[in-house]
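Visitor: Build me a structure from this.
(chains A, B and C)
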Amino acid sequence: MSTFELIIEILATLAFAASGLIAGLRKRLDAVGVCMVTGLTAFGGGTLRDVLLDRRPFFWVEQHYWLWVLLALSVAGIAFLRSRHIDWTERAIQIPDALGLALFSILGTRIASEAEQPVIVAILMGVISAIFGGVLRDIVCNDIPKAFSDHKPYAVFAFAGSSLYLLLDAWAVAPIASFALSFALVATLRLLAIQYDWEIPAWRP
Amino acid sequence: MSTFELIIEILATLAFAASGLIAGLRKRLDAVGVCMVTGLTAFGGGTLRDVLLDRRPFFWVEQHYWLWVLLALSVAGIAFLRSRHIDWTERAIQIPDALGLALFSILGTRIASEAEQPVIVAILMGVISAIFGGVLRDIVCNDIPKAFSDHKPYAVFAFAGSSLYLLLDAWAVAPIASFALSFALVATLRLLAIQYDWEIPAWRP
Amino acid sequence: MSTFELIIEILATLAFAASGLIAGLRKRLDAVGVCMVTGLTAFGGGTLRDVLLDRRPFFWVEQHYWLWVLLALSVAGIAFLRSRHIDWTERAIQIPDALGLALFSILGTRIASEAEQPVIVAILMGVISAIFGGVLRDIVCNDIPKAFSDHKPYAVFAFAGSSLYLLLDAWAVAPIASFALSFALVATLRLLAIQYDWEIPAWRP
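Guide: Numbering: from 1, shown residues only, chains lettered A, B, ... in the order given. Predicted structure coming up:
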């Protein structure tokens, strides 16, 4: 499982980084701003989770070569996207982003659960890991976070997948099977939501 | 005192949650966004205080049933407020909000003081506990924080009440009396400020 | 060196505080908001660094008289700047701000390096110490952070100076010499950038 998990984790971090890169370019940030927003989007959710759980070292300290990788990719992204249309890129990243949502939510829940956090806290840590990179990206870019306002189901799938993981875990299902099933649930729901343009109910006064 | 304190704490958390709920609905966030902003407003100030003081577990981890309560209330609030006017609600929450301001500021100061922080740091922790839930709410909603810009006295009363608490404590007044007097000071001043529409001086160039 | 370092640190904190004060006044915050933004700008970068490194006590807890000093200066600043033009002030603070950038970046890198963080993490901690006070100032003031979007070189000099410090340190250069050379590099580059209005490349679609 660990090779599979590593591949998904890399894809997921890259997808989140790409969404930060695109947001930074859209907002006309300078090169420094694009790099910072890219890193914040990729690592922000996991870092906030670890600060709340008082857990060290961070992922990006333990695997510090990733900071070089992200820096190189940001610079390459700025150069590459300079003369091309970024809409294509935005559609293209929806698949790895869905995988990232699935992986980070279940990983966050598992980490909190292993730290013996209560059920609702473990679920919340899954949701925070999965969405707060994007939330911090939008705050820095001076927008209302898309995860809170675009009426597309996103965090709810993280909530559902994290809950399923804990349920299976409580039933003593093998970790690899719990992980695979929860992952499949989140990724499938998210891809269906993108395909069929699902919306969550709006509040109207 | 602990029953009294618990009742006030519940009212205060609910008042802060309600202000987050209303802000989220006003900004047309989706259901996920409303729940997240509600929780951030209710728990944000105390969580930031605990991160700065390196104090675990958080209130919402120790009392984790509160996360379920807030989630249920957020969903109920979204359904209930869907077809009604929210201005009435906003006026109605000013009283528990004043109690919340009073309680959280003195509680924050007491916690910091018990952790042997210097006087000014203890006062600051009281102010942070009381106002940063609202500050984070406004940042996520993409507004300048009301506590910093609406020229209504709010944080200054937290500052005054926290100072009075530390002064009485230094004079060896019984904790319950120090608490009650400081609480009464903040709550009374805040309610008077609402009633008579007090303003703090503006800066004009 | 410690007297020299202390003088620069005081100048740097004051410069960062002044930029927060001016930003708060510009945004027409009330007196509470101006004081909070002033403190956030002065201490935000170092505090975020210390939270990430799990390092206590914070600078402003250990040297808590600084909170009184900043509070007094904020109130004095509000009174003084009430009737005067603040453009003069803004230009005047560029020199201590450049010194602050230099000092905080190298200090942050040294602290992280002493905590045995990897090279890229130590550099990043230098950059975070130097720029996140201003980033938090701009987020609270509801602007896109200037450090990410104004196309003026700022964080890149912190990156360069932090790198030079680690390089010299790895070559076993005496700490005082490493510090002085790195400090001189950042401060000189920043002052040249202001003088000659250097820009970092923009991304244009």
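Visitor: Residue in chain A with the shortest distance to chain C?
Guide: Residue nearest to chain C within chain A (C-beta to the nearest C-beta): A:G33, separated by 2.7 Å. Where you see a C-beta, it was placed from the backbone N, CA and C, and this is true even at glycine.
Visitor: Enumerate every residue touching that residue.
Guide: A:G24, A:K27, C:I144, C:P145, C:A147, C:F148, C:S149 (C-beta atoms under 8 Å, 6 or more residues apart in numbering or on different chains).
Visitor: In three-state terms, label the third one for me.
Guide: With DSSP: H, G, I helix; E, B strand; the rest coil as the basis, C:I144 sits in coil.
Visitor: Could you give the number of residues near the residue nearest to it when sequence neighbours are not counted?
Guide: Take C:I144 and drop its neighbours on the chain: the residue closest to it by C-beta to C-beta, 6 or more residues apart in numbering or on different chains is A:N142, 4.8 Å away. Other residues within reach of A:N142, judged by other C-beta atoms under 10 Å in any protein chain shown, total 15.
Visitor: same thing with the one 5 residues further on?
Guide: The criterion is other C-beta under 10 Å. On that basis, A:A147 has 25 neighbouring residues.
Visitor: Thought A:F157 was touching it, still the case?
Guide: No. Here A:A147 lies out of contact with A:F157, judged by C-beta atoms under 8 Å, at a distance of 11.3 Å.
Visitor: ok, the residue most central in space within chain A to B:F58 distance?
Guide: In chain A, the residue lying closest to the centroid (C-alpha atoms, centre = their mean) is A:A130, at 3.9 Å. Distance, A:A130 to B:F58, by C-beta to C-beta, to the nearest Å: 20 Å.
Visitor: just A:D50 next, same as before
Guide: A:D50 is 14 Å from B:F58, by C-beta to C-beta.
Visitor: which of these two has more neighbours?
Guide: A:D50 (23 against 18).
Visitor: How about the residues of chain A by chain B?
Guide: A:51-52, A:54, A:117-121, A:124, A:135, A:139, A:142-145, A:147-151, A:154-156, A:200-205 (C-beta under 8 Å from any C-beta of the partner chain).
Visitor: mind redoing it with 6 Å?
Guide: A:D54, A:P118, A:I120, A:V121, A:I144, A:F148, A:S149, A:H151, A:A155, A:I200, A:W203 (C-beta under 6 Å from any C-beta of the partner chain).
Visitor: Please flag which of the residues you listed sit within strands.
Guide: Under the assignment DSSP state E, the residues of chain A next to chain B contribute nothing to strands.
Visitor: Return a PyMOL selection command for the buried portion of those residues.
Guide: The PyMOL selection below is limited to those of the residues of chain A next to chain B classed as buried (16 or more other C-beta atoms under 10 Å in any protein chain shown):
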select buried, chain A and resi 118+120+121+144+148+149+151+155+200+203
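Visitor: how many other residues sit next to A:I8?
Guide: 19.
Visitor: Give me the three-state assignment for it.
Guide: Per three-state DSSP, A:I8 ends up helix.
Visitor: Spatially, what comes nearest to the residue in chain A that chain B sits nearest to if we skip its sequence neighbours?
Guide: Closest residue of chain A to chain B, C-beta to the nearest C-beta: A:F148 (2.7 Å). Distances taken as C-beta to C-beta, 6+ apart put B:G33 closest to A:F148, at 2.7 Å, once the chain neighbours are dropped.
Visitor: okay, that neighbour: pLDDT?
Guide: Looking at B:G33, its pLDDT stands at 93.
Visitor: Alpha carbons only: can I get the helix or strand containing it in PDB?
Guide: Assigning secondary structure by DSSP states H and E places B:G33 in helix B:31-53. What follows is helix B:31-53 as a C-alpha-only set of coordinates in PDB (Å, rounded to 0.1, in the frame of the first residue of the first chain):
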ATOM      1  CA  ALA B  31     -24.200  25.000   3.800                       C
ATOM      2  CA  VAL B  32     -20.600  23.900   4.200                       C
ATOM      3  CA  GLY B  33     -19.400  27.500   4.400                       C
ATOM      4  CA  VAL B  34     -22.100  28.500   6.900                       C
ATOM      5  CA  CYS B  35     -21.200  25.500   9.200                       C
ATOM      6  CA  MET B  36     -17.400  26.300   9.000                       C
ATOM      7  CA  VAL B  37     -17.800  30.000   9.700                       C
ATOM      8  CA  THR B  38     -20.200  29.200  12.600                       C
ATOM      9  CA  GLY B  39     -17.600  26.900  14.100                       C
ATOM     10  CA  LEU B  40     -14.700  29.300  13.400                       C
ATOM     11  CA  THR B  41     -16.500  32.200  15.100                       C
ATOM     12  CA  ALA B  42     -17.500  30.100  18.100                       C
ATOM     13  CA  PHE B  43     -14.100  28.400  18.700                       C
ATOM     14  CA  GLY B  44     -11.600  30.500  16.800                       C
ATOM     15  CA  GLY B  45     -10.600  32.900  19.600                       C
ATOM     16  CA  GLY B  46     -10.100  30.200  22.200                       C
ATOM     17  CA  THR B  47      -8.200  28.000  19.800                       C
ATOM     18  CA  LEU B  48      -5.800  30.800  18.800                       C
ATOM     19  CA  ARG B  49      -5.300  31.600  22.500                       C
ATOM     20  CA  ASP B  50      -4.500  27.900  23.200                       C
ATOM     21  CA  VAL B  51      -2.100  27.600  20.100                       C
ATOM     22  CA  LEU B  52      -0.200  30.700  21.300                       C
ATOM     23  CA  LEU B  53      -0.100  29.400  24.900                       C
END
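Visitor: in that helix, what's buried?
Guide: B:31-50, B:52-53.
Visitor: just stretch A:72-79 next, same as before
Guide: Under the neighbour-count criterion of 16+ other C-beta under 10 Å, stretch A:72-79 has A:L73, A:S74, A:G77, A:I78 buried.
Visitor: what does stretch A:64-73 give?
Guide: In stretch A:64-73, counting by 16+ other C-beta under 10 Å, buried: A:H64, A:W66, A:L67, A:V69, A:L70, A:L71, A:L73.
Visitor: Is that stretch in proximity to chain C?
Guide: Yes. Judged by C-beta under 6 Å from any C-beta, stretch A:64-73 and chain C are in contact via A:H64, A:L67, A:W68.
Visitor: Just list the residues touching the second one, thanks.
Guide: This points to A:L67. Contacts for A:L67 (C-beta atoms under 6 Å, 6 or more residues apart in numbering or on different chains) come out as A:W60, C:I120.
Visitor: Which pLDDT does the model give it?
Guide: So A:L67 comes in at 92 (pLDDT).
Visitor: any idea of the angle the strand or helix carrying it forms with helix A:31-53?
Guide: For A:L67, the element it lies in under DSSP H and E is helix A:65-81. On the basis of axes from the mean of the first three to the mean of the last three C-alpha atoms, to 10 degrees, helix A:65-81 is oriented at 150 degrees to helix A:31-53.
Visitor: what are the ranges of the helices in chain A?
Guide: Remark: helices assigned in chain A by DSSP state H are A:2-26, A:31-53, A:59-62, A:65-81, A:87-92, A:94-114, A:119-140, A:146-149, A:155-170, A:175-196.
Visitor: What is the burial count for A:P175?
Guide: A count of nearby residues for A:P175, using other C-beta under 10 Å, gives 12.
Visitor: I figured A:V32 was touching C:P153, is that so?
Guide: No. In this structure, A:V32 is not within contact of C:P153 by C-beta atoms under 6 Å, at 8.1 Å.
Visitor: where are the low-confidence patches of chain A?
Guide: Applying pLDDT under 70 to chain A picks out residues A:1-2, A:4-5, A:82-89, A:201-205.
Visitor: which parts of chain A sit against chain C?
Guide: A:25, A:29-33, A:36, A:56, A:61, A:64, A:67-68, A:78, A:82, A:142.
Visitor: Now the two most distant members of those residues.
Guide: Largest separation among the residues of chain A next to chain C by C-beta to C-beta: A:R56 and A:R82, giving 37.9 Å.
Visitor: Fine by me, we can end here.
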